[in-house]
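Participant: Sequence and predicted model, in that order:
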Amino acid sequence: MEEPLRYEAITGLTRGQLAELSARVAPVIGDVAAPGGRPAAIGLFRSVAMVVALMRKNLTQDVAGAFFRVSQPTVSRRWDLLRPAIGEAFAVWVPDPREILGGGTALVDGTVAPTWDWTAIPGLYSGKAGYPGMNIQLAATLEGRIAAIGPVPLPAARHDAHAYAASGLKDLLAGADTAADLGYTGVDGIAHLKTWRMLSEEGGRYRPPIGKYSSMLRAVTGLFFFTTYE
């Protein structure tokens with residue numbers, strides 16, 4: 001008998017959370033199906049789990065295919081289908097930062113999420129970090145809880161002072177008291193975000209084309225807030 005997948009271990013989500021995610025994604029894409037009405041190689045629930053696992057563990061598509069017993073092209077198609085759909089379906093879980101800040105000061109800083117690609121767009125290499133990546137802007141409470149994630153990732157060479165506005169974080173925090181530099185206060189929050197290994201140097205760096213980065217970040221943002229503050 002085939003050993004069942006340990007979904008929580010490879011996605012960080014419980015079966016119940018994966019079921020809710022699947023239910024919310026279904027109206028966005030409909031069910032998955034093979035051309036000509038043939039049975040799909042992998043159904044919606046397992047497809048969702050597979051795409052979440054790609055983001056959580058930063059698996060290669062070949063490895064994900066081996067785990068879920070499908071071909072690499074099938075993994076690629078599900079990644080392209082479900083990545084933006086997850087971001088759309090779970091945007092509802094991204095809170096107004098004021099709900100988390102509660103009238104307190106927002107501490108603002110950027111973190112470099114590493115990529116393998118050096119040349120896809122100008123400015124990916126960060127001299128400060130020592131590797132190529134994307135600058136992601138964050139806001140946290142004084143206790144280190146992440147309150148907002150800038151929706152627009154930027155090449156890592158862009159200075160945080162520019163990235164704060166260009167990332168969309170400034171608009172999200174309009175009207176809130178802000179202070180620059182998370183410092184040690186935000187370290188735990190950033191570390192929590194980077195358990196999504198596509199954003200982490202420990203996860204082997206982001207591998208897919210840079211053109212898919214924004215939709216990946218939107219999906220991870222929704223999932224982060226869903227799993228953190230559900």
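Facilitator: Nice, I can see it. Numbers count the residues shown, from 1 in each chain.
Participant: doesn't residue 170 make contact with residue 152?
Facilitator: No. At 10.8 Å, residue 152 does not count as touching residue 170 under the criterion of C-beta atoms under 8 Å. C-beta here means a position set from N, CA and C on the backbone, and glycine is covered the same way.
Participant: Low-confidence regions, this protein specifically.
Facilitator: 1-3, 33-38, 182-187 (pLDDT under 70).
Participant: Show me where it has its helices.
Facilitator: For the chain, helices defined by DSSP state H occupy the ranges 7-11, 15-29, 44-57, 61-68, 72-89, 97-101, 160-166, 169-172, 187-193, 213-229.
Participant: Turn these into JSON lines, columns for distance to residue 138.
Facilitator: JSON lines is the format used below for those (distance: least, C-beta to C-beta, whole Å):
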{"stretch": "helix 7-11", "distance to residue 138": "23"}
{"stretch": "helix 15-29", "distance to residue 138": "23"}
{"stretch": "helix 44-57", "distance to residue 138": "17"}
{"stretch": "helix 61-68", "distance to residue 138": "28"}
{"stretch": "helix 72-89", "distance to residue 138": "18"}
{"stretch": "helix 97-101", "distance to residue 138": "11"}
{"stretch": "helix 160-166", "distance to residue 138": "10"}
{"stretch": "helix 169-172", "distance to residue 138": "8"}
{"stretch": "helix 187-193", "distance to residue 138": "7"}
{"stretch": "helix 213-229", "distance to residue 138": "10"}
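Participant: Let me know which of these is tucked in deepest.
Facilitator: Mean neighbour count, computed with mean count of other C-beta atoms under 10 Å, is highest for helix 44-57 among the helices of the chain, reaching a mean of 24.
Participant: list the helices and strands that one packs on?
Facilitator: Applying 3 or more C-beta pairs under 8 Å, 6 or more residues apart in numbering; DSSP states H and E, we find helix 44-57 packed against helix 7-11, helix 15-29, helix 61-68, helix 72-89, helix 213-229.
Participant: is the closest residue to residue 118 other than its chain neighbours in a bridge, and if so with what?
Facilitator: Excluding the flanking residues, the one nearest residue 118 by C-beta to C-beta, 6 or more residues apart in numbering is residue 132, at 4.7 Å. For residue 132, the beta-bridge partners are residue 125 (DSSP bridges).
Participant: measure residue 109 to residue 144 for me?
Facilitator: Distance, residue 109 to residue 144, by C-beta to C-beta, to the nearest Å: 11 Å.
Participant: Quick check: the residue nearest to residue 52 when sequence neighbours are not counted vs residue 53, distance?
Facilitator: Distances taken as C-beta to C-beta, 6+ apart put residue 11 closest to residue 52, at 4.4 Å, once the chain neighbours are dropped. For residue 11, the distance to residue 53 (C-beta to C-beta) stands at 5 Å.
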